[in-house]
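Chemist: here's my sequence, what's the structure:
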Amino acid sequence: MTRSNFQNLVVVVDEAEFGLGRDELLAVLRAENVLARRDFHASIEREGPFSIKAAVGDGQLQRTTMASRDTYQLPIGGGVSLSDIDLICEIVTQAQTNARVIRLAGIAPTSAK
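Modeler: Numbers count the residues shown, from 1 in each chain. Predicted structure coming up:
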């Protein structure tokens with residue numbers, strides 16, 4: 001991180017490496033009362049009245065597509081204690097360790113790809 005507004009930490013989930021997609025991890029975090037949220041929504045080239053899909057070739061906006069699909073935000077700053085950070089890290093670690101079980105149990109929604 002090179003600059004911060006000290007409000008949110010943006011996290012990228014690599015589903016292939018982590019074992020769960022962003023939406024699945026968000027469901028786990030929310031179930032544990034962590035105020036994580038999806039912040040980057042479907043990019044403009046895909047949907048809505050401002051769609052520019054016809055104006056750009058497929059793949060030209062790969063980073064925007066990745067941001068809308070694979071990122072979420074965690075709160076940071078004065079309202080988050082060091083023990084909160086440790087707990088969030090433990091929840092994420094346990095989610096990765098138990099990714100297969102979480103997915104098989106249908107505990108969280110499957111990520112949209």
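Chemist: just for this protein, where's the confidence low?
Modeler: Flagging of the chain using pLDDT under 70 yields the residue ranges 1-6, 41-61, 108-113.
Chemist: for it, what's the longest helix?
Modeler: When the chain is parsed with DSSP state H, its longest helix is helix 82-97.
Chemist: which outside residues touch it?
Modeler: Contacts to helix 82-97, defined as CB atoms under 8 Å, 6 or more residues apart in numbering, come from residues F18, G19, L20, L25, V28, L29, E32, V34, L74, I102. Placement of C-beta: from N, CA and C, glycine included.
Chemist: any of those buried? List them.
Modeler: Among the contacts of helix 82-97, those scoring as buried are F18, G19, L20, L25, V28, L29, V34, L74, I102 (criterion: 16 or more other CB atoms under 10 Å).
Chemist: excluding chain neighbours, what is closest to V13?
Modeler: Nearest residue to V13, sequence neighbours excluded (CB to CB, 6 or more residues apart in numbering): R22, at 4.3 Å.
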